[in-house]
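[1] Give the three-dimensional model of this entry:
(2 chains)
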Amino acid sequence: MNALRRLLPPLASGALFGAGLTIGGMVDPARVRGFLDLFGNWDPTLAFVMGGAVVVMAIAWRIQARMRHPLFAEKFSLPERQDLDGKLIGGAILFGIGWGLAGICPGPAIASLALVPVKVLPFIAAMVAGMALHRVTLDRKGS
Amino acid sequence: MIPGFPAADPVGGLIGGVLIGVAGAMMLLGAGRIAGVSGIAARGLGLSSGNMSFSSAWMFLLGLPAGALLVMLVRGVNPIDYVPLPAVLIAGLLVGFGTRMGSGCTSGHGVCGVSRLSQRSLVATAAFMIAGILTIVALRLASIAW
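    Residues are numbered from 1 along each chain as shown, chains lettered A, B, ... in the order given. Predicted coordinates for the structure are as follows:
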């Protein structure tokens, strides 16, 4: 019962997340790249996805501020860093280049295993390789 | 339909976005954590030393395709085309490395962090959006269409 209380929230969250990515068109690289094609044939759909998600999450943060602990865990484990550094910006730029090249980011990639497994598998393999490469180069201390 | 943008799907986008927001809210209020996919994936693969349990990470990661599958079975999914394989591989490497180096991706920074008005997430989101837009511009200038 305890394990169920602990494991159900991430499973339900992941499933809703995957459904939302699919309905919102994030699993379609053409739509994602159309959104980034601001100076060409722009497709504003993803602005609605991000807008809808951010509004709901903004309400969730208001609720979180009034809670002493999460519903199914002892305490909140949230990022507290506020400083800007080169890694943050450099990493985001590298990610953005990859995102623009292929129109795929991590969430839609993993969700797409159920939709287009053969097409997405090379992307996921390369993504894992990139994560591993970071682990053995910049993250050697294991932060 | 949005005038001038016949291909846009604002209704699907909004419904999908709200579902993603509810998913992030469940993770935050239920488990007390950020629903950041790149971080959770790295954690599940043992490539990060965060304190999320492996079982929780894998539950979330398994949920993603499960939810997508459900949508496909219920309402179907339009055909999905990928860019050529070499570009997919280069992009995958950049996305994997970059999201770890920058501590997050579209979900953790773009949705969870931006809605929290986190300075780091606002800057990261601006950076990866501008980089993505400029990448598309560069491909256009080089007459590479895929």
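[2] going forward, measure contacts and count neighbours with C-alpha atoms only.
    Will do.
[3] tell me the contacts of B:A87?
    Going by Cα atoms under 8 Å, 6 or more residues apart in numbering or on different chains, B:A87 touches A:L101, A:A102.
[4] ok, so what distance separates the nearest residue to A:G51 once chain neighbours are set aside from A:E80?
    Excluding the flanking residues, the one nearest A:G51 by Cα to Cα, 6 or more residues apart in numbering or on different chains is B:G17, at 6.9 Å. As judged by Cα to Cα, to the nearest Å, B:G17 and A:E80 stand 25 Å apart.
[5] Of the two, which one has the most company?
    B:G17 (32 against 8; other Cα atoms under 10 Å in any protein chain shown).
[6] Mind checking what helix or strand follows the helix or strand hosting the more buried one in sequence?
    Using DSSP states H and E, B:G17 sits within helix B:10-26. Per DSSP H and E, the first helix or strand lying C-terminal to helix B:10-26 is helix B:37-44.
[7] what packs against that following helix?
    For helix B:37-44, the packing partners by 3 or more Cα pairs under 8 Å, 6 or more residues apart in numbering or on different chains; DSSP states H and E come out as helix A:106-111, helix B:54-75, helix B:85-101.
[8] So which residues make contact with it?
    Outside of helix B:37-44, the residues within contact range by Cα under 8 Å, 6+ apart are A:106-107, A:128, A:131, B:48-50, B:52, B:54-55, B:57-58, B:60-61, B:96, B:99-100, B:103-105, B:107-108.
[9] How about stretch B:66-73?
    A:14-23, A:111-112, A:114-115, B:77.
[10] so which of those residues comes closest to B:I144?
    Proximity of those to B:I144 (Cα to Cα) peaks at A:S112, which lies at 25.2 Å.
[11] Might one say that that closest one is in contact with A:V27?
    Yes - between A:S112 and A:V27 a contact is recorded at 6.4 Å, counting by Cα atoms under 8 Å.
[12] With respect to B:G36, which of the helices and strands packed on helix B:37-44 lies nearest?
    helix A:106-111 (8.5 Å).
[13] which residues of chain A fall in helices?
    Assigned by DSSP state H, chain A shows helices spanning A:2-23, A:29-36, A:45-65, A:86-102, A:106-111, A:117-136.
[14] what about the closest residue to A:H69 other than its chain neighbours, neighbour count?
    Nearest in space to A:H69, with sequence neighbours left out and distances taken as Cα to Cα, 6+ apart, is A:K75 at 4.9 Å. Neighbouring residues of A:K75 were enumerated by other Cα under 10 Å; the total is 14.
[15] what do you get for A:R62?
    Counted with other Cα under 10 Å, A:R62 comes out at 11.
[16] Pull the contacting residues for it.
    Residues counted as contacts of A:R62 (Cα under 8 Å, 6+ apart): none.
[17] what does the one 4 residues further on give?
    For A:R66, the set of contacting residues under the criterion of Cα under 8 Å, 6+ apart is empty.
[18] Against chain B, how distant is it?
    Between A:R66 and chain B the computed distance is 11 Å (Cα to the nearest Cα, to the nearest Å).
[19] Backbone dihedrals for A:R68, please?
    phi -80, psi -40 (degrees, to the nearest 10).
[20] for the chain, which spans come out with low pLDDT?
    All of this refers to chain A. A:1, A:141-143 (pLDDT under 70).
[21] wrong one, chain B
    B:1.
[22] so what's B:L94 up against?
    So B:L94 contacts A:L94, A:F95, A:I97, A:G98, A:M127, A:G130 (Cα under 8 Å, 6+ apart).
[23] Give me the buried subset of these.
    A:L94, A:F95, A:I97, A:G98, A:M127, A:G130 (16 or more other Cα atoms under 10 Å in any protein chain shown).
[24] Confirm for me that the third one is in contact with B:F128.
    Think A:I97. Yes - applying Cα under 8 Å as the test, A:I97 and B:F128 come out as touching, 7.4 Å apart.
[25] Determine the residues that are contacts of both of those two.
    Joint contacts of A:I97 and B:F128 (Cα under 8 Å, 6+ apart) do not exist.
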